[in-house]
Structure formats: structure tokens, C-alpha cells
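Q: with the input below, show me the fold.
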Amino acid sequence: MESAATLAELQAEANCPICLDYLRDPVTIECGHTFCHSCIYQRWEDLLGTFPCPVCLHHCPDRKLKRNTQLCHMIEIVKQIPTTGSERKLQEEKPRCWKHDEVLTFFSDRTQEMLCPHCKDFLKHQDQSLIPIEEAAASYRRDLKRYIGALMVEVEDAETEYENQIAKTFEAQEKMEKWRKELQYECKELKCSLQVEHNVCNAGLLIEEKNVEEKLTENGRQISNCMFILKKLLSEIAEKYLQADVDLLTGIERIHNRYENLEIPVVFSYELKKKIFILPAHYLGLHKMIRTFQVDLTLDPETAHPSLIISRDRKSVTYKTPDGFPNPQAHTSYPAVLSSEGFDGGRHFWQVEVRGTGEWSLGVCKESFPRNTLISPLPSNGCWRYQQQAGIFGLFPRGQHKIGIFLDYDLGEVSFYNLNNRSYLYAFTDIFTEKLMPYFSISSSSKTLTISITRV
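A: The predicted structure is shown next:
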């Protein structure tokens, strides 16, 4: 008895897990399982990318098959071993109808049941489609194969979306941290008048961050649950796909319905709102000032110092080192240029961008201010200017520096603003009695500095 059982076990091991017959031209895949060459080839025929093992579902990276020559010889030997009558009877035994004790040979597509010929004769007057079990199993096996492919795509999409949600969580945290730092910087520039507003805004950012994180975490939880359901269903279908016809058709309706009614969760979409804080009125006044009183200026080459180069669009000025004989006028006046536009009333705002290193000054001067002399450009002489060193010392580091100039002629005030951080710099107050011209000056030592008129 023991030898017979061992022999039967040996013969079972010599069978292909797919066709359940003796292995023909056996090949071994990466995970170590062995199949008929034609069986595994047909199973993988329509697959791309990865190739799952029909037994353990291990994903093989390619269709690499290793022919098992020694096993091939062993199969031929096993085939020669005689089979006992009881074993032949067991192998030939087929499932039978519990009503009529006949072999089940048909499958009802409508009732999802296996039937014997007697059942078929009984139901032939009814409108039912009956097909042989082999054809039904082949049809549903094709459906299961299609389900496997679709579910594998769904699992991959879910995994990708889950990773995206994690990345978005970190991205949202980084953006919130960046905006919190910007908010703190602005509050310091506006000193204690913004402290209360800062606390309110910071709390708003924390709430926004918490809400986004909670929703993104919920997204991750839902997607994770969906991944679990998809993988579980994929495993069940893959297992069902490998079963014999009768076992495959048993309970097929439940798997079929689960697949057709599968629902993928809708993830939460969000848009971070950067400007959720409300700044005080005197800060918003700068924005209103720019929007309401901004003017478009151009430089007047007729008023330019000989050592200055005016761009073709008359928007930029740089210092030029004299070639050959020095220009005598270069030592008898300050290197400056005026705009073509002047103002004798109203309010006006313009923006200047300074690039490079060196000394510069900006402001306004009277139309009658002498430009070809060494008279100092001071308020007492009719020139109101803000002077600064860029690049090495002073308020502005190396890079691009945006300066805003606001002229309130009727009020008698010229004010200057650092538009890089929206902070107030300086202001002159006086009584203006004649037309004022925007003034731009570059020191003779500023050989790498450019002043440009721009718009906000």
C-alpha cells in the first residue's frame, strides 16, 4: 500500500499544473515551478511587462524558460509505470448529477449551473442556453484572464495614486512651511503693528494644513483599502482561473458580480490658497498706490551725461568708461539722466530695477536744476534723491533690486520703497514750485551697474 501511494504521488508530481497531464517538453521558470512548454507559452502569450507564475503568482520579469532535460527523461520513465485498476477508475471518475446520478456534461449560462443529459432533456422546452462544460469553462476562463489583466492595471494605478498622495502630503507641508516663513518675514518688516494679524494668519495656515493633511491621509487610507480589496480579488480570480472546469464554474457568479460591481474610491482634490491672510490697510496702500498711480517713463538722451549709455528702448542706463581722451564734461558734472516726462501736479509712481554692483541714486529734481556743473544734487539745490551702495555694502545685496518711487506733488512728498520685500525706505518733504523730473544717477565707479525702468 505504501509503495502504491508513493507511486501515485510520483505520478501526480509528473503532471503539469496547467493541463493536469504528464509534462510535455518541461520547462522551469524563475520561481522554480515547472510546466509544459506549450502550456506556459499560451498562458503568457498576451501578457506584457511582468509574467505571473500560475501556481505562486510570482512576477517573472521576462519569458525566460529553462528546459529541464533530466526531468523530461524522468517523465518518460514514469509513463512506463503501470497504473492499477482502482487508480484508473479514480482518474476516470467524473462528477455526477445529484438528482439523476449521471455525469455532468452541460452548463446553463442563465442559472450558472452544471447539468446532466437528463436535466438537459427536462429543460429543453425552456428558453435556456446550454453549452458543454468544456466550452463554458473555456469561455469563463477567458473572462477571468481578462479580469486578471484589468485588475493588475487597477492595482498598479492604485499604488501609483497612493504614492502620489504621499508625495502631495509632503509637498503641501513644504509649501505651508515656505509661506509661513514668508509671513513671518513680512510681519517682522511691518513691526509690532502686524503681530496680532500674524497670529491670526498663522492659525489659519495651521488649520488649512491640518485640513489638507487629514484629507490626503483619508485619501491614502481609502486607496490602501482599495489596494487590499483589489489584490484580494486578483488573488481569488487567479486561483479560480487555475482550477479544473467544475471547480472553476462553482461559485463563478459571485466572483463575476464582485468584479463587475467593483468601485474605485474618488480621491479628494485640493488647491492650496496662499493668500489666506489679510494685511493691514497701510500695507495694502502700497498695492493700491502702484495700481492707481503707476506711470510709464522713458529716459531722455538729451539730458544724459556723456559717460552714460542709454538703451535703444530708452528704458535702461549703464556707465561707459571713456575711450581715448577723457571727456572733460565727465569731471564737471554728476553722471545722471532725466526722464522725458515731468510732473507739476498730482500723484505718480514708477519702479526702477538696479542690477550689478556700485553706487546709485534715484529721485526727482527741478526742471531748472543745472546738470553741467558740480553743484551737489541736494534738496537745497532742487534735487531730492535716495542714494545707496549695491552689491557689497548697504541695504541691498548682490542681485536684482527693485525700488519704487512715489511722488505726491501737491502734498510735497517723495517716498522710496524696497519692492523686494515691500518695505518703506525713506521720504523727503518740501514745497514744490516748478515742474519735477524723475532723476537717475550712476557713480563713475559703478562699471557693472545697470538701472532699468520697469513696471510692476
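Q: just the pLDDT at Ile166, thanks.
A: On the pLDDT scale, Ile166 is placed at 89.
Q: which elements pack onto the strand or helix carrying it?
A: Assigned by DSSP states H and E, Ile166 belongs to helix 133-189. For helix 133-189, the packing partners by 3 or more Cβ pairs under 8 Å, 6 or more residues apart in numbering; DSSP states H and E come out as strand 106-108, helix 195-241, helix 245-249, helix 252-260. For every residue, glycine as well, the C-beta is placed using N, CA and C.
Q: again, only using 7 Å
A: strand 106-108, helix 195-241, helix 245-249 (3 or more Cβ pairs under 7 Å, 6 or more residues apart in numbering; DSSP states H and E).
Q: can I get these in TSV with distance to Asp313, mean pLDDT and mean neighbour count?
A: Conversion of the helices and strands packed on helix 133-189 to TSV gives the following (distance: least, Cβ to Cβ, whole Å; pLDDT from 0 to 100; neighbours: other Cβ atoms under 10 Å):
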stretch	distance to Asp313	mean pLDDT	mean neighbour count
strand 106-108	84	83	21
helix 195-241	41	82	16
helix 245-249	79	84	18
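Q: looking at the ones you listed, spot the one closest to Cys53.
A: helix 195-241 (9.8 Å; Cβ to Cβ).
Q: now do that closest one and helix 252-260, the angle between them.
A: 150 degrees (axes from the mean of the first three to the mean of the last three Cα atoms, to 10 degrees).
Q: just want the angle from helix 195-241 to helix 133-189.
A: Using the same axes, to 10 degrees, helix 195-241 lies at 170 degrees relative to helix 133-189.
Q: how far off centre is helix 195-241?
A: Relative to the mean C-alpha coordinate of its chain, helix 195-241 is positioned 16 Å out (Cα atoms, centre = their mean, to the nearest Å).
Q: using the three-state scheme, assign Phe440.
A: With DSSP: H, G, I helix; E, B strand; the rest coil as the basis, Phe440 sits in strand.
Q: what are the bridge partners for it, then?
A: Val337, Leu362 (DSSP bridges).
Q: and the pLDDT for the residue lying closest to Ala14 once chain neighbours are set aside?
A: Distance criterion Cβ to Cβ, 6 or more residues apart in numbering; nearest residue to Ala14, sequence neighbours excluded, is Val78 at 4.5 Å. On the pLDDT scale, Val78 is placed at 78.
Q: gap between Val78 and Glu134?
A: Using Cβ to Cβ, to the nearest Å, Val78 is found at 26 Å from Glu134.
Q: ok, the two, which is more surrounded?
A: Val78 (17 against 11; other Cβ atoms under 10 Å).
Q: wait, is that one part of a strand?
A: No. Applying three-state DSSP, one finds Val78 to be helix, outside a strand.
Q: who's in contact with it?
A: 10-11, 14 (Cβ atoms under 7 Å, 6 or more residues apart in numbering).
Q: the same query, at a cut-off of 10 Å, please.
A: 7, 10-11, 13-15, 22-23, 71 (Cβ atoms under 10 Å, 6 or more residues apart in numbering).
Q: same check on Glu213?
A: Glu213 touches 169, 172-173, 176, counting by Cβ under 10 Å, 6+ apart.
Q: check Arg254 too.
A: Taking Cβ under 10 Å, 6+ apart, one finds 112, 236, 240 in contact with Arg254.
Q: and the helices and strands packed on helix 133-189: which comes nearest Pro301?
A: helix 195-241 (46.9 Å).
Q: which residue ranges make up the domains of the chain?
A: Residue ranges for the domains of the chain, per automatic domain parsing: 2-93, 132-260, 291-321+331-454.
Q: redo the ones you listed as TSV? Include distance to Phe107.
A: Formatted as TSV, the domains of the chain follow (distance: least, Cβ to Cβ, whole Å):
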stretch	distance to Phe107
domain 2-93	19
domain 132-260	4
domain 291-321+331-454	77
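Q: do you know which of those domains lies nearest Pro117?
A: The nearest among these, by Cβ to Cβ, is domain 132-260 at 11.1 Å.
Q: quick one: end-to-end distance for that closest one.
A: 25 Å (Cα to Cα, to the nearest Å).
Q: one more: stretch 47-66?
A: Per Cα to Cα, stretch 47-66 runs 19 Å from first to last residue.
Q: residues contacting that stretch, please?
A: By Cβ under 10 Å, 6+ apart, stretch 47-66 touches 16-18, 25-35, 37, 39-41, 43-45, 145, 148-149, 152, 156, 234-235, 238-239, 241-242.
Q: for the residue nearest to Ala14, give its distance to Asp296.
A: Val78 is 95 Å from Asp296, by Cβ to Cβ.
Q: likewise for Leu234?
A: 66 Å.
Q: next one: Lys79
A: Lys79 is 96 Å from Asp296, by Cβ to Cβ.
Q: that older thread, format the contacts of Val78 as a markdown table; extra columns: distance to Val337, pLDDT and secondary structure.
A: Formatted as a markdown table, the contacts of Val78 follow (distance: Cβ to Cβ, whole Å; pLDDT from 0 to 100; DSSP: H, G, I helix; E, B strand; the rest coil):
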| residue | distance to Val337 | pLDDT | secondary structure |
| --- | --- | --- | --- |
| Leu7 | 108 | 69 | helix |
| Leu10 | 102 | 73 | helix |
| Gln11 | 103 | 71 | helix |
| Glu13 | 97 | 76 | helix |
| Ala14 | 98 | 79 | coil |
| Asn15 | 96 | 82 | strand |
| Tyr22 | 99 | 79 | strand |
| Leu23 | 94 | 83 | coil |
| Leu71 | 93 | 80 | helix |
